[in-house]
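S.K.: Sequence first, then the predicted structure, then my questions.
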Amino acid sequence: KPYHVPFKGDASSRGYPRRSREALTAMVKEAHRAGYQIAIHGNGDAAIDDILYAYGAALQELPRPDHRHRIEHSQMARNDQLDRMKELGITPSFFVGHVYYWGDRHRDIFQGPERGSRISPLASALARAVTFTIHDDTPVTPVKPLQLVWDAVNRLTTSGQVLGPDERIGVEQALRAITIDAAWQNFEEKTKGSIEAGKLADLVVLAENPMTVESTHIRDIAVLETIVGGASVYKRETATATH
């Protein structure tokens with residue numbers, strides 16, 4: 001659909017693809033045949049339509065179980081597209097920071113109130129058992145994992161308004177989306193993502209429990225210590241990295 005506020009006066013403007021559906025499909029098929037895991041950037045729902053078409057064509061030609069092909073950002077994914085992701089085994093990574101940094105603009109300018117409230121539809125994906133992750137997009141936004149959890153749980157914009165309350169998820173699920181599910185999405189679940197014997201000892205020690213604090217406080221929780229490969233590389237009392 002066109003932008004909510006016409007772009008430069010053009011009421012039909014809705015963005016444009018970087019390449020045709022046919023060209024995209026040919027690229028995806030080539031990479032899929034070669035055995036790669038594929039990740040494609042797609043924000044708008046028209047772009048996501050093209051990506052799902054390409055993935056569907058590649059998988060029909062050469063079925064591959066557990067391919068974990070991805071769609072990066074998946075911002076405007078519709079429910080029928082989430083259903084198709086589930087059917088094809090596609091895993092989205094949502095740029096949930098858009099809710100905070102640009103949510104007001106999406107609601108008022110780009111998509112309008114109804115469509116804008118659905119950006120990064122985490123709860124809808126969760127309801128369909130679609131495994132997903134959430135991410136930052138440096139240098140567009142700062143790298144702040146706890147901000148992502150805060151975004152996913154609260155869905156507050158910079159003006160302090162809730163955008164799409166029905167798409168909020170719980171703290172535990174948001175934490176999974178930046179840890180164990182993120183490792184799974186990259187085929188790294190055997191070495192990363194959870195604290196257990198045999199995995200890399202990469203973790204942080206937080207000053208407060210994100211599961212029990214007020215949800216609006218999550219992004220302000222201090223990191224007391226950072227451990228990489230079992231070695232302490234940062235402690236808050238010195239505020240100095242040791243490598």
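M.R.: On my side now, so go ahead.
S.K.: Tell me the bridge partners for the most centrally placed residue in the chain.
M.R.: For the chain, residue 94 is the residue whose C-alpha lies nearest the centre (Cα atoms, centre = their mean; 2.0 Å). Judged by DSSP bridges, the bridge partners of residue 94 are residue 73, residue 134.
S.K.: thought it was touching residue 124?
M.R.: No: under the criterion of Cβ atoms under 8 Å, residue 94 is not in contact with residue 124, lying 10.6 Å apart. Quick note: C-beta positions are derived from backbone N, CA and C, even for glycine.
S.K.: Give me the mean pLDDT for the top helix by length along the chain.
M.R.: As assigned by DSSP state H, the longest helix anywhere in the chain is helix 45-61. Regarding helix 45-61, the rounded mean pLDDT is 98.
S.K.: what's the answer for stretch 145-160, then?
M.R.: Mean predicted lDDT for stretch 145-160 stands at 98.
S.K.: May I see the buried residues of that stretch?
M.R.: Within stretch 145-160, the residues that qualify as buried are 145-157, counting by 16 or more other Cβ atoms under 10 Å.
S.K.: Just give me the closest of those residues to residue 100.
M.R.: Using Cβ to Cβ, residue 151 is the member of these that lies nearest residue 100, at 5.1 Å.
S.K.: Setting aside sequence-adjacent positions, which residue approaches that closest one most closely?
M.R.: Leaving aside its chain neighbours, residue 151 sits nearest to residue 96 (4.6 Å; criterion: Cβ to Cβ, 6 or more residues apart in numbering).
S.K.: how much space between that neighbour and residue 207?
M.R.: Note on residue 96: its distance to residue 207, by Cβ to Cβ, to the nearest Å, is 23 Å.
S.K.: The two: which is more packed in?
M.R.: residue 96 (29 against 12; other Cβ atoms under 10 Å).
S.K.: you'd agree the more buried one is up against residue 125?
M.R.: No: assessed by Cβ under 8 Å, residue 96 is found out of contact with residue 125, at 11.1 Å.
S.K.: Residue 83 belongs to a strand?
M.R.: No: going by DSSP: H, G, I helix; E, B strand; the rest coil, the assignment for residue 83 is helix, not a strand.
S.K.: Just list the residues touching it, thanks.
M.R.: residue 128 (Cβ atoms under 8 Å, 6 or more residues apart in numbering).
S.K.: Try it again at 10 Å.
M.R.: 124, 128, 130 (Cβ atoms under 10 Å, 6 or more residues apart in numbering).
S.K.: What helices and strands are in contact with the helix or strand that residue 98 is a member of?
M.R.: Using DSSP states H and E, residue 98 falls within helix 97-105. Helices and strands touching helix 97-105, by 3 or more Cβ pairs under 10 Å, 6 or more residues apart in numbering; DSSP states H and E, are helix 112-116, helix 145-154.
S.K.: how about 6 Å then?
M.R.: Where contact means 3 or more Cβ pairs under 6 Å, 6 or more residues apart in numbering; DSSP states H and E, helix 97-105 is packed against helix 145-154.
S.K.: hey, C-alpha coordinates of the helix or strand that the helix it packs on is followed by in CSV?
M.R.: Downstream of helix 145-154, the next assigned helix or strand under DSSP H and E is helix 171-177. Extracted C-alpha coordinates of helix 171-177, given in CSV (Å, rounded to 0.1, in the frame of the first residue of the first chain):
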residue,chain,number,x,y,z
VAL,A,171,10.7,-10.6,29.2
GLU,A,172,11.8,-14.2,29.1
GLN,A,173,10.9,-14.5,25.4
ALA,A,174,12.7,-11.2,24.6
LEU,A,175,15.8,-12.5,26.4
ARG,A,176,15.7,-15.7,24.4
ALA,A,177,15.5,-13.6,21.2
